[in-house]
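# no sequence on hand, only this structure:
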């Protein structure tokens, strides 16, 4: 069966410090991978998605970047955190499908980031 | 432009009764709809989905209804249980968005369901 891991679970960082959040998926190959953010009291905002190694698409301009160094590894980074980067970060995966169809996304446990 | 809207931020229901969560969308190209349940400090878990070729899908206590002409879907939970208390997100997929199908989902803002014993 497939599982998705995220770490750390919680993180408190000062403004201006770097960030690295990691997500790994087990039990599947060539998944689509996604990073979302849920700000307090708000819905899920898609930040980045990837359909393969080294391929990253950004949904919104921001202070963050993403990388996919391996098939089942997705990393969210920042060089200098802002207060507005605080939130709950979620990684998700889905099965790669042919154009014209879609599949369910499955989410990791999330990382609570607080920037002070 | 919010293409998926959950206009009720919260819903309170008595245990044993029916919970009805609503979701409206504007993009007529959406062809796949999902409901997720989220507890605080956890990732969303997939509940149930429906393709646009159907108008109803049932899984145990959960039923999703889709009204394409009204661009409206709803999630019915019968009977409601205290453990159902969570935030519920509806999401929709547009396979025509983008050159390759990456399964992008557009989420609503969520509805907080509270089921009272």
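That came through fine. Fair warning: this is a prediction, and the values are worked out from it, not measured in the lab. Residues are numbered from 1 along each chain as shown, chains lettered A, B, ... in the order given.
# residues contacting residue 17?
Picking chain A for this. Residues near residue A:17 by CB atoms under 8 Å, 6 or more residues apart in numbering or on different chains: A:80-81. (Each C-beta comes from the backbone N, C-alpha and C, glycine too.)
# that's the wrong chain, I meant chain B
Residue B:17 sits next to B:79-80 when contact means CB under 8 Å, 6+ apart.
# ok, now residue A:8?
Taking CB under 8 Å, 6+ apart, we find residue A:8 in contact with A:21, A:111.
# ok, now with 7 Å
Contacts for residue A:8 (CB atoms under 7 Å, 6 or more residues apart in numbering or on different chains) come out as residue A:111.
# and the residue nearest in space to the middle of chain A, what element?
Closest residue to the average C-alpha location of chain A: residue A:35 at 2.6 Å, with CA atoms, centre = their mean. If you go by DSSP states H and E, residue A:35 is part of strand A:32-38.
# what is the mean pLDDT for that strand?
Across strand A:32-38, the average pLDDT comes to 92.
# C-terminal to it, what's the next element?
Next along from strand A:32-38, by DSSP H and E: strand A:44-52.
# just the buried positions in the helix or strand harbouring residue B:64, please.
Using DSSP H and E, residue B:64 maps to strand B:62-67. By 16 or more other CB atoms under 10 Å in any protein chain shown, the buried positions in strand B:62-67 come out as B:62-66.
# check the gap between the closest residue to chain A within chain B and residue A:73 for me.
Chain A sits closest to residue B:43 of chain B, with a gap of 3.5 Å, by CB to the nearest CB. The gap separating residue B:43 from residue A:73 is 17 Å, by CB to CB, to the nearest Å.
# kindly report the same for residue B:12.
42 Å.
# for these two, indicate the residue with more neighbours.
Neighbour count, other CB atoms under 10 Å in any protein chain shown: between residue B:12 and residue A:73, residue A:73 has more, with 14 against 11.
# gap between that one and residue A:24?
As judged by CB to CB, residue A:73 and residue A:24 stand 5 Å apart.
# next: residue B:15.
39 Å.
# again, but for residue A:5
5 Å.
# quick one: strands adjacent to the helix or strand hosting residue A:67?
Using DSSP H and E, residue A:67 sits in strand A:65-70. Strand pairing for strand A:65-70, determined by DSSP bridges: strand A:73-78 (antiparallel).
# and the strand it pairs with, how far from the chain's centre?
For strand A:73-78, the separation from the chain centroid amounts to 7 Å (computed by CA atoms, centre = their mean, to the nearest Å).
# what of stretch B:29-39?
The answer for stretch B:29-39 is 5 Å, by CA atoms, centre = their mean.
# bridged to whatever residue of chain A ends up closest to chain B, which residues?
For chain A, the residue closest to chain B is residue A:107, as judged by CB to the nearest CB, at 3.5 Å. On the basis of DSSP bridges, residue A:107 is bridged to residue A:92.
# any figure for the gap between it and residue B:54?
If you go by CB to CB, the gap between residue A:107 and residue B:54 works out to 24 Å.
# same check, this time on residue A:92
24 Å.
# tell me which strands and helices the helix-or-strand element of chain B with minimal mean pLDDT is in contact with?
When each helix and strand of chain B is scored by mean pLDDT, DSSP states H and E, strand B:105-107 comes last, with a mean of 88. With contacts taken as 3 or more CB pairs under 7 Å, 6 or more residues apart in numbering or on different chains; DSSP states H and E, strand B:105-107 sits against strand B:86-93.
# packing partners for the strand it packs on?
With contacts defined as 3+ CB pairs under 7 Å, 6+ apart, strand B:86-93 has these neighbours: strand B:4-5, strand B:19-25, strand B:32-38, strand B:105-107, strand B:111-116.
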